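Asks: only geometry, no sequence info:
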């Protein structure tokens with residue numbers, strides 16, 4: 001069992017930056033690939049970014065690529081999402097998730113993930 005707790009959300013102006021953190025419980029964090037998803041009000045949850053177990057491999061949605069950076073610190077059981085050049089359309093609840101799925105081609109799918117955090121809200125004001 002892995003428990004995930006996100007933090008770092010808040011209100012930021014258009015063009016601003018935020019760094020989200022997700023801390024995992026347990027001693028097996030490094031055995032999980034991690035993902036970030038988001039869900040805007042009235043919309044389905046969507047993939048944002050993912051990172052492999054060692055942190056070497058990262059993947060991004062089209063909307064996140066070039067603006068967001070996912071990273072992890074296995075010694076701290078933490079995964080991060082640095083978000084720059086934020087836009088109002090980035091407003092959403094952001095979730096981190098953990099998976100033992102080894103095929104990175106599947107990491108964009110919600111169903112690939114075994115554990116989810118409770119989410120942290122990001123609001124970008126125009």
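Replies: Received, thanks. Just so it is clear, the structure is predicted and the values come from calculations on it, not from any experiment.
Asks: correct me, but residue 101 touches residue 111?
Replies: No: with contact defined as CB atoms under 8 Å, residue 101 and residue 111 do not form a contacting pair (9.3 Å). To be clear about C-beta, it is placed using only N, CA and C from the backbone, and glycine gets the same treatment.
Asks: tell me the pLDDT at residue 27?
Replies: Among the per-residue scores, residue 27 shows a pLDDT of 83.
Asks: Same question for it, what's its three-state structure.
Replies: With DSSP: H, G, I helix; E, B strand; the rest coil as the basis, the three-state label of residue 27 is coil.
Asks: quick one, phi/psi of it?
Replies: Note on residue 27: backbone dihedrals following degrees, to the nearest 10 are phi -100, psi 10.
Asks: can you check the one 10 residues further on too?
Replies: The main-chain torsion angles of residue 37 are listed as degrees, to the nearest 10 and equal phi -130, psi 170.
Asks: what are the ranges of the strands in the chain?
Replies: Along the chain, counting by DSSP state E, strands occupy 4-7, 10-13, 18-24, 33-39, 46-51, 58-60, 68-73, 78-83, 92-99, 115-116, 120-125.
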